[in-house]
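In: Provide a 3D model corresponding to the input given below.
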Amino acid sequence: MHKAIVVPQSGGPEILRYEDVALPQPGPRQILVKVAAAGVNFIDTYQRGGVYPMSYPFIPGSEAAGTVVSAGAESGFREGDRVATAEGGGAYAQYMLMDADTALPVPAGIRDDTAAALLLQGFTAHYLCSSTFPVQAGQTALVHAGAGGVGLLLIQLLKARGVTVITTVSTEEKELLARGAGADHVLRYAGFEGQVRALTDGTGVDVVYDGVGAATFDGSLASLRTRGMMVLFGGASGQVPPFDIQRLNSAGSLFLTRPTLAHYLLTPEERQWRARELFDAVLAGKLEVRIGQSYPLAEASRAHADLEGRRTTGKVLLVP
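Out: Just a heads-up that it's a prediction; the model follows:
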């Protein structure tokens, strides 16, 4: 037996339970990992809250780093290997199974907590600016929630590619973090679309990366240049309701996409490419991974409440 967080049914953060569960055993192409740290992400709250359908009960968490304690014969890993994943299941636990195909070796020089904090949000930031809308030097991007885990990483990746970055935050503390990541202009949410227009001489930005959702969607569309792209990759403030697609026409032949990470990790080669670029950037000192809050595993409910209440910055971790 080992300790894990269990979601018995859909509901708020208070329904998370800290319980004894059976220790899983790896199949031929799986590894059993002692979890050093697990990442807390908005997708976990969507699954817990019923936005995404799940089979209950389940152990949440897709992202973690730790050490292999048992390896399947066909896994390619050995006991003692350090690994991380952003595509697992059951990470809110002392031990978790990882599929060998989605487990990534953690390079020497990368701490376990850094690896756990980097992959899911790092993969997201990487695909957003290198694949969904491949930015070019000289373009301008609007990034919402610039002090969040994805936001801080995305700002750094955009600046490394020569992009002018405008971002939104809610507090002075978060503004300092966004500026520290390299943001050129930091705005509050109220009336941001007018400020974006002013900063771009009325033209609008080339792309908006919006993980906030319902509260910012209309303003994001209003911030785009003609033929600009709206990348809606999350719904921290709630899901965007259906809307009239003719709005894209009248607003300037805009593009709108709703990507998800799984569709940008389709092959081992793609997964390894993204991980290699992220790990290399961290090792070279070109990408800072900010761990904002770490909670004991037993306090997963508080971690979810703080994340949904936008009381966190950077990455949120659970530590068994």
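
In: how about the strands in the stretch 151-300 of the chain?
Out: Taking DSSP state E, counting those that start in this stretch to define them, one finds strands in the stretch 151-300 of the chain at 164-169, 185-188, 205-210, 224-232, 255-257, 291-296.

In: and the longest one, C-alpha only, in PDB?
Out: The reference is to strand 224-232. C-alpha atoms of strand 224-232 as PDB (Å, rounded to 0.1, in the frame of the first residue of the first chain):
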ATOM      1  CA  LEU A 224      -5.700  41.000 -33.000                       C
ATOM      2  CA  ARG A 225      -4.500  42.500 -36.300                       C
ATOM      3  CA  THR A 226      -6.200  41.600 -39.500                       C
ATOM      4  CA  ARG A 227      -5.600  37.900 -40.200                       C
ATOM      5  CA  GLY A 228      -4.200  37.500 -36.700                       C
ATOM      6  CA  MET A 229      -4.500  34.200 -34.800                       C
ATOM      7  CA  MET A 230      -6.300  33.600 -31.500                       C
ATOM      8  CA  VAL A 231      -4.800  30.600 -29.700                       C
ATOM      9  CA  LEU A 232      -7.300  29.500 -27.000                       C
END
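
In: buried ones in that strand?
Out: With burial defined by 16 or more other CB atoms under 10 Å, the residues of strand 224-232 counted as buried are Leu224, Arg225, Gly228, Met229, Met230, Val231, Leu232. To be clear about C-beta, it is placed using only N, CA and C from the backbone, and glycine gets the same treatment.

In: strands paired with it, and their directions?
Out: strand 205-210 (parallel), strand 255-257 (parallel) (DSSP bridges).

In: looking at these, which one is packed in the most?
Out: Of these, the one with the most neighbours on average (mean count of other CB atoms under 10 Å) is strand 205-210, at a mean of 27.

In: who touches that strand?
Out: Residues outside strand 205-210 that contact it (CB atoms under 8 Å, 6 or more residues apart in numbering) are 128-129, 133, 135, 139-144, 154, 166, 196, 216-217, 220-221, 223-225, 228-234.

In: tell me the domain ranges of this structure?
Out: Listed domain ranges for the chain are 2-118+267-319, 137-258 (source: automatic domain parsing).

In: on that earlier part again, what's the most distant pair in the buried residues of strand 224-232?
Out: Across these, the longest distance by CB to CB is 17.1 Å; it joins Arg225 and Leu232.

In: so which bits of stretch 1-15 are buried?
Out: Result for stretch 1-15 [16+ other CB under 10 Å]: buried residues His2, Ala4, Ile5, Val6, Val7, Pro13, Ile15.

In: shouldn't the last one be in contact with Val6?
Out: Think Ile15. No: using CB atoms under 8 Å as the test, Ile15 is too far from Val6 to be in contact (9.3 Å).

In: output the longest strand belonging to this structure.
Out: strand 30-40 (DSSP state E).

In: helices or strands next to it in the packing?
Out: Applying 3 or more CB pairs under 8 Å, 6 or more residues apart in numbering; DSSP states H and E, one finds that strand 30-40 contacts strand 64-71, strand 95-99, helix 112-127, helix 300-308, strand 315-319.

In: can I get the last one as CSV, trimmed to CA atoms?
Out: Yep, that's strand 315-319 we're talking about. Provided in CSV are the C-alpha atoms of strand 315-319 (Å, rounded to 0.1, in the frame of the first residue of the first chain):
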residue,chain,number,x,y,z
LYS,A,315,4.6,26.2,-11.1
VAL,A,316,2.6,24.5,-8.3
LEU,A,317,4.0,21.1,-7.0
LEU,A,318,2.8,18.4,-4.7
VAL,A,319,5.6,16.7,-2.7
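
In: all the helices of the stretch 51-200 of the chain, in order from the start?
Out: In the stretch 51-200 of the chain, helices defined by DSSP state H, counting those that start in this stretch lie at 112-127, 149-160, 172-180, 192-199, listed in chain order.

In: low-confidence stretches in this structure?
Out: Within the chain, no stretch has pLDDT under 70.

In: out of everything not next to it in sequence, what's closest to the residue positioned nearest the centre of it?
Out: Against the mean C-alpha coordinate of the chain, by CA atoms, centre = their mean, the closest residue is Gln121 at 2.9 Å. Using CB to CB, 6 or more residues apart in numbering and skipping residues adjacent in sequence, the residue nearest Gln121 is Gly149, 4.2 Å away.

In: sweet, I'm off.
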